[in-house]
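1. Dropping a prediction and its sequence here:
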Amino acid sequence: MKLTRKQLLAGAGAGALGAAGIYELVDQLTGAPKRSATPVGPLPPEQHVLLGVRTVRDNGVEVLVPPLHHQLVTLELTIGSKHDLQRGQVELEQALTSLEVDYAPTPAGLGVTVGWGLPYFRRYLPSHSPRYLPLDRRASKAKGKPVRALLDAIRFPSDPPQTILEQHDAVVLLRSDSLDAIADGAKRLVQKLDFWKPTSIRRGFAGGGFGGKQSLPKQMAMAAGVGGADLIPDRAELFLGFTSTQKAGLGPTRIANLETLGYSDGGPGGYFRHGTAMHVSHIFEDLEGWYINFTHAQRVTTAFRPTVSVPSGTMTVRQGPADVATEQENRSDYRRFRAIGHSASIQTTSRLLEDTTGTDGTLYPKGTAIPHRADFNTLDNPFFWSARPDVDQMSDQPAAGLHFVVFNPTSDDFNRNRLAMDGVLPDGTKLPFDPKDRGQGFNSVLTTTHRQNFLVPPRAHRSFPLVELLK
């Protein structure tokens, strides 16, 4: 079933927040996963933690089943006075609290995460943010000067010069199995509040073929008429095929907190303790280049490691602590194959190098993943809606891509992981790849269009952080 132009354009204009457009098809192609909507008890201090996520087994590996629907809205504040900021802080918190009364922070309910960009802190809190924004202890030691946990986004070696480094004031991430819950959250947090306006709306979905049915990414891409859609494996969780939500490949619930691994103390007085750093980017994926130019075996070695071999058709490739590649092994793979795997390269920075006891008292074994991803498939090109369509190079033509959302303890921690993906080893050594070298993991079929970092405060300070300190 290919969508009509009217369906593809259903998100255009002022009604974009409530419209679903092409993503209405998600519910027609698959029912919502069976999950309990029972209240979960006291809410965690972290607002970015999603509870009640179901686990299934695929190829003997535990896999988390993410929420079906995702919407991310970037925002610009439209107020300036201290009084308006304080009013906004009260009104936003009231709206967030009302949503928590109606929805549990689970896939069956509604997960809501609010993040704040450096433009917000610089413009509205210029005298408070230098003192209160948490320091990144590790990065500060490495640089020999203070480095904040929240940094401006940067371009990486494999990014094109056209990659836009965004400067939004805030971001709201909504996650749910229900489109109605997403629409309700967007209405109450954006449409009904007059202190900010949306600058972009980014929509998408997540879901694999774990139940034996043809996967949602393949069905959606084929319905939209995206080139290479017919080549997507029937059981693919993502457009590029392999399962990405392995439980062992995602950081445990609180490991991505600012303070858990001691990367930061959360700022003076622990104001931002139980918060995290959030990276948001949009990435185009070249499906034809991936499936036509790479055999399944080559896709496996590119996605994981040049020495990995699995039966043809395997989508879930084990990536537990015992499978983590070392920096030395990446060097060896490069010398031997002139290639590194995507997962293997990142594991040198994204996994714990030794057993670690966090500040929460949890023992995190060697090889435990640190970043906690919340990325989702999209057919946006590049966004569902934009307030500046010319700058964002908006197109009506659907395109396979990924809205990449990930929580790390600090922005620098994300940068280390992303540099490793480009062959920059933890000691700073750069393996000599060209930007689009197919030996450099996925990079030959990925194009990042936009990037920005945000600070996600704890639940207690999620609404206009630090504004209560204004005199």
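-> Sure thing, it's come through. Numbers count the residues shown, from 1 in each chain.
2. State which helix of the protein is the longest.
-> helix 82-102 (DSSP state H).
3. what's the offset of the next helix or strand after it from the middle of its chain?
-> Once the chain leaves helix 82-102, the next helix or strand it forms, by DSSP states H and E, is strand 111-116. Taking C-alpha atoms, centre = their mean, to the nearest Å, one finds the center of strand 111-116 at 12 Å from the center of the full chain.
4. And for stretch 318-325?
-> Between the centre of stretch 318-325 and the centre of its chain there are 21 Å (C-alpha atoms, centre = their mean).
5. what does that stretch contact?
-> Contacting residues not belonging to stretch 318-325 are listed as 59-61, 246, 248-249, 304-305, 333, 341, 343-345, 347-348, 351, 365-368 [C-beta atoms under 8 Å, 6 or more residues apart in numbering]. Every C-beta, even on glycine, is put in place using the N, C-alpha and C of the backbone.
6. Equivalent analysis for stretch 346-353, please.
-> Residues outside stretch 346-353 that contact it (C-beta under 8 Å, 6+ apart) are 321, 324-327, 330, 364-371, 413, 416-417, 419-421, 425-426.
7. Quick one: buried ones out of those residues?
-> With neighbours counted using 16 or more other C-beta atoms under 10 Å, these contain these buried positions: 324-325, 327, 330, 364, 367-371, 413, 416-417, 419-421, 425.
8. And the pLDDT for the residue nearest to the spatial centre of the chain?
-> Averaging the C-alpha coordinates of the chain gives a centre point, and the residue nearest to it by C-alpha atoms, centre = their mean is Val405 (1.1 Å). In the prediction, the pLDDT value recorded for Val405 is 98.
9. Please look at it and Pro67 and confirm they touch.
-> No - proximity of Val405 to Pro67 does not meet the contact threshold set by C-beta atoms under 8 Å, at 12.0 Å.
10. Show the residue spans covered by the helices in the stretch 351-471 of the chain.
-> The residue ranges that make up the helices of the stretch 351-471 of the chain, judged by DSSP state H, counting those that start in this stretch, are 389-392, 411-421.
11. and the shortest one, how far from the chain's centre?
-> Looking back up the chat, that one is helix 389-392. Average the C-alpha atoms of helix 389-392, do the same for its chain, and the two points are 22 Å apart (C-alpha atoms, centre = their mean).
12. Let me know the average pLDDT across it.
-> For helix 389-392, the per-residue pLDDT values average out at 97.
13. next one: the last one
-> When pLDDT is averaged over helix 411-421, the result is 97.
14. Of all the helices of the stretch 351-471 of the chain, which one is nearest Gln167?
-> Closest approach to Gln167 among the helices of the stretch 351-471 of the chain is made by helix 389-392 (11.5 Å; C-beta to C-beta).
15. Could you list the alpha-carbon positions for the closest one in CSV?
-> Coordinates of each C-alpha in helix 389-392 appear next as CSV, following Å, rounded to 0.1, in the frame of the first residue of the first chain:
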residue,chain,number,x,y,z
PRO,A,389,11.9,24.9,5.8
ASP,A,390,14.5,26.5,3.5
VAL,A,391,17.3,26.3,6.1
ASP,A,392,16.4,22.8,7.1
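16. Need the contact partners of it.
-> Ile164, Ser200, Pro382, Phe383, Ser386, Thr449, His450.
17. how many neighbours does the fourth one have?
-> Neighbouring residues of Phe383 were enumerated by other C-beta atoms under 10 Å; the total is 26.
18. Give the buried residues for stretch 185-196.
-> Under the neighbour-count rule (16+ other C-beta under 10 Å), stretch 185-196 has Gly185, Ala186, Arg188, Leu189, Val190, Leu193, Phe195, Trp196 buried.
19. How about the last one: what's its closest non-neighbour residue?
-> This points to Trp196. Once its chain neighbours are removed from consideration, Trp196 has its nearest residue in Leu75; the separation is 4.4 Å (C-beta to C-beta, 6 or more residues apart in numbering).
20. From Val308, how far out is Arg175?
-> Taking C-beta to C-beta, to the nearest Å as the criterion, Arg175 is separated from Val308 by 31 Å.
21. more neighbours, the two?
-> Each of Arg175 and Val308 had its neighbours counted (other C-beta under 10 Å), and the higher figure belongs to Arg175 (28 against 19).
22. which residues touch the more buried one?
-> With C-beta under 8 Å, 6+ apart, Arg175 has these contacts: Leu50, Pro66, Pro67, His69, His70, Pro107, Leu110, Gly111, Thr113, Ala374.
23. Let's see that with 10 Å instead.
-> The contact partners of Arg175, by C-beta atoms under 10 Å, 6 or more residues apart in numbering, come to 50, 53, 66-72, 105-107, 109-113, 181-182, 185, 206, 374, 376, 405.
24. Listing request: residues of the stretch 101-250 of the chain with sub-threshold pLDDT.
-> Within the stretch 101-250 of the chain, the set of residues satisfying pLDDT under 70 comprises 208-213.
25. just the strands in it please.
-> With DSSP state E, counting those that start in this stretch applied, the stretch 101-250 of the chain shows strands at 111-116, 164-165, 170-176, 196-205, listed in chain order.
26. hmm, back to that, now the buried members of the contacts of Arg175.
-> Under a neighbour-count criterion of 16+ other C-beta under 10 Å, the subset of the contacts of Arg175 counted as buried comprises 50, 53, 66-72, 105-107, 109-113, 181-182, 185, 206, 374, 376, 405.
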